[in-house]
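Asks: Got a predicted model here, sequence first, then my questions.
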Amino acid sequence: MKTILYVGLDVDDKAFHVTIINSLSGELTYLKSRPNLSHLKEKLLQYHSNPTVFKICYESTYIGFSLCRKLRSEGFECDVIASGLIPETAGHKVKTDRTDSEKLAKFYMKDLLTPLNIPNEEDEAERDLVRSRSLVSKQVVKTKNHIQSLLRRHGIDYRDEEKSLNLWTDKYRKWLYGKTSSLNESLNLNLNLLLSQLEFLESSLKTYNQKIEELASSPKYKTKVEALVAYRGIETLTAMKVITELGDIKRFSHPRKLMSFLGFDIREYSSGGKERKFGITKYGNKVVRTALVEATQRCSTPPKVSYKLKHRRKETPVELVLVADKCMQRLYNKSKRLLAREKNRNKVKVACAREMCGFIWESLMKAS
């Protein structure tokens, strides 16, 4: 019988803590290495000279998939483990780097851990581009709110002075820049710096949008994007979020597995002849889950193909348009039925987003 050495890695900036378990003898060995691949590899090969004997795992952390890729390129078998799905040991009250690595190695040997899908470097870079765009978008909103709060604290009210309701228009910005000259030195400097920062963020956001549009029209993504923008509530940005986060849709053999990956599973506690169900687990990809919930904001309105939706569908194959139309009708019926039972509107939207997962799975499978 072949000997397999199961390795649990606890990684941080200061050191890698390594626990090795021999599958035959059950012998447990603890090692410690500097936080780089070369020293880790040296330590492992000192223990055993054959890389193919090792099965290594570590939690998904700040280090991402880079260490896993490097270990695989050196001939080691390596997996990245979903942190939120690691089993908890009852009565276990001691947490150290060493015990964490030991727990990983033991659970990995018993096949109790859930490995993550490892994207290639290009796919990960494109996914990070879309994620970074969301970060910059939030910073733009936060900066605008901060400027508005600053003006309010100093009694400067655009709506009162100009008798206009709309903020952040060209007229408002022109008024704002003209206002800075009449302020005291400190407030003038503060406001000018904030406005400069806002301009930079908006310029960055524009560049992100252009790059994402280019990616969406590339042969790699074009067919999949066309399949998703046929849905009401999903435009190019949301489609790219879904596609880059999910990766290869074929790794989900059934829509329920996709729902589970996104955290749309229903929490349940059934025991002693009683059955109780709660909300969704939220143990999954938050980016796509949030995007789909936002896409169902108008699910309770009657099905209608607007001008914008019709324009987005002009290059989408008919079979994919039919799936999107079927989804729109299904979500309307579901939301109407749940609202008639006086369910909370936000819960209805989440239920519809969960339902939408199945249709998105079907569209992406046909587009792949």
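Replies: Cool, got the structure. Numbering: from 1, shown residues only.
Asks: all contacts plus neighbour counts: C-alpha atoms, from now on.
Replies: OK.
Asks: pLDDT on stretch 18-31, on average?
Replies: Averaging the model's pLDDT scores along stretch 18-31 yields 91.
Asks: typo on my end, it should be stretch 88-103
Replies: 85.
Asks: ditto for stretch 165-182
Replies: Averaged across stretch 165-182, the pLDDT comes to 87.
Asks: got it, and stretch 279-290?
Replies: Per-residue pLDDT values across stretch 279-290 average out to 91.
Asks: can you list contacts of that stretch?
Replies: Applying CA atoms under 8 Å, 6 or more residues apart in numbering, the contact partners of stretch 279-290 are 84, 241-242, 245, 260-267, 353.
Asks: How about stretch 212-228?
Replies: When contacts are taken as CA under 8 Å, 6+ apart, the neighbours of stretch 212-228 outside the stretch itself are 129-130, 234-237, 239-240, 243, 312-313, 315-317, 320-321, 360, 363-364, 367-368.
Asks: if we go to 7 Å?
Replies: Stretch 212-228 is touched from outside by 234, 236, 239-240, 315-316, 320, 363-364, 367, with contacts defined as CA atoms under 7 Å, 6 or more residues apart in numbering.
Asks: ok, the residues you listed vs Glu202, which is closest?
Replies: Proximity to Glu202 was ranked across the contacts of stretch 212-228 by CA to CA; first place goes to Thr236, at 18.9 Å.
Asks: can you redo the contacts of stretch 212-228 as TSV with pLDDT, secondary structure and neighbour count?
Replies: Formatted as TSV, the contacts of stretch 212-228 follow (pLDDT from 0 to 100; DSSP: H, G, I helix; E, B strand; the rest coil; neighbours: other CA atoms under 10 Å):
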residue	pLDDT	secondary structure	neighbour count
Ile234	95	coil	21
Thr236	95	helix	18
Ala239	96	helix	23
Met240	96	helix	26
Glu315	89	helix	13
Thr316	92	coil	19
Leu320	95	helix	23
Ser363	95	helix	23
Leu364	95	helix	20
Ala367	91	helix	18
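Asks: Strands of this protein, start to end?
Replies: Taking DSSP state E as the criterion, the chain carries its strands at 5-11, 16-22, 28-33, 54-59, 77-81, 266-271, 274-280.
Asks: where's Ile56 relative to Cys68, distance?
Replies: Spatial separation of Ile56 from Cys68 under the definition CA to CA, to the nearest Å is 9 Å.
Asks: so what sits against both of the two?
Replies: In terms of CA under 7 Å, 6+ apart, Ile56 and Cys68 are both contacted by the residues 78-79.
Asks: neighbour count winner among the two?
Replies: Ile56 (25 against 21; other CA atoms under 10 Å).
Asks: quick one: contacts for that one?
Replies: When contacts are taken as CA under 7 Å, 6+ apart, Ile56 is in contact with 6-8, 77-79.
Asks: Now the two most distant members of the contacts of stretch 279-290.
Replies: So for the contacts of stretch 279-290, where distance means CA to CA, the most widely separated pair is Lys241 and Arg267, at 25.8 Å.
Asks: more neighbours, these two?
Replies: Neighbours were tallied for Lys241 and for Arg267 using other CA under 10 Å; the higher tally belongs to Lys241 (22 against 12).
Asks: My read is that that one contacts Val130, right?
Replies: Yes - look at Lys241 against Val130 with CA atoms under 7 Å: they come within range, at 6.5 Å.
Asks: quick one: low-confidence ranges for the stretch 101-250 of the chain?
Replies: Counting by pLDDT under 70, the stretch 101-250 of the chain contains no low-confidence segment.
Asks: picking that back up, using neighbour counts, trim the contacts of stretch 279-290 to the buried set.
Replies: Buried members of the contacts of stretch 279-290, scored by 16 or more other CA atoms under 10 Å, are 241-242, 245, 260-265, 353.
Asks: Among those, which one sits closest to Ala105?
Replies: Nearest to Ala105 among the buried ones among the contacts of stretch 279-290, counting by CA to CA, is Phe261 at 23.9 Å.
Asks: Give me the spatial nearest neighbour of that closest one, chain neighbours excluded.
Replies: Gly284 (5.1 Å; CA to CA, 6 or more residues apart in numbering).
Asks: Next: Lys103.
Replies: Across the structure, with CA to CA, 6+ apart as the measure, the residue nearest Lys103 apart from its sequence neighbours is Gly8 (7.5 Å).
Asks: for Ser181, same thing?
Replies: Among residues not flanking Ser181 along the chain, Asn188 sits closest, at 6.9 Å (CA to CA, 6+ apart).
Asks: can I assume the one you found is in contact with Lys179?
Replies: No - in this structure, Asn188 sits apart from Lys179 without contact. The criterion is CA under 7 Å, and the distance is 8.8 Å.
Asks: what about Arg330, neighbour count?
Replies: The local packing count at Arg330 equals 18, with neighbours defined by other CA under 10 Å.
Asks: so how far is Ser306 from it?
Replies: Taking CA to CA as the measure, Arg330 and Ser306 are separated by 18 Å.
Asks: swap in Asn209?
Replies: Look at Asn209 and Ser306: by CA to CA, they are 23 Å apart.
Asks: Of the two, which one has the most company?
Replies: Taking neighbours as other CA under 10 Å, Asn209 and Ser306 compare with Asn209 leading, 17 against 10.
Asks: which residue packs closest to the more buried one, ignoring adjacent ones?
Replies: Of all residues beyond its chain neighbours, the one nearest Asn209 is Arg133 (7.6 Å), with distances taken as CA to CA, 6+ apart.
Asks: Count the neighbours of the one you found for me.
Replies: Summarising burial for Arg133: neighbours were counted as other CA under 10 Å, giving 19.
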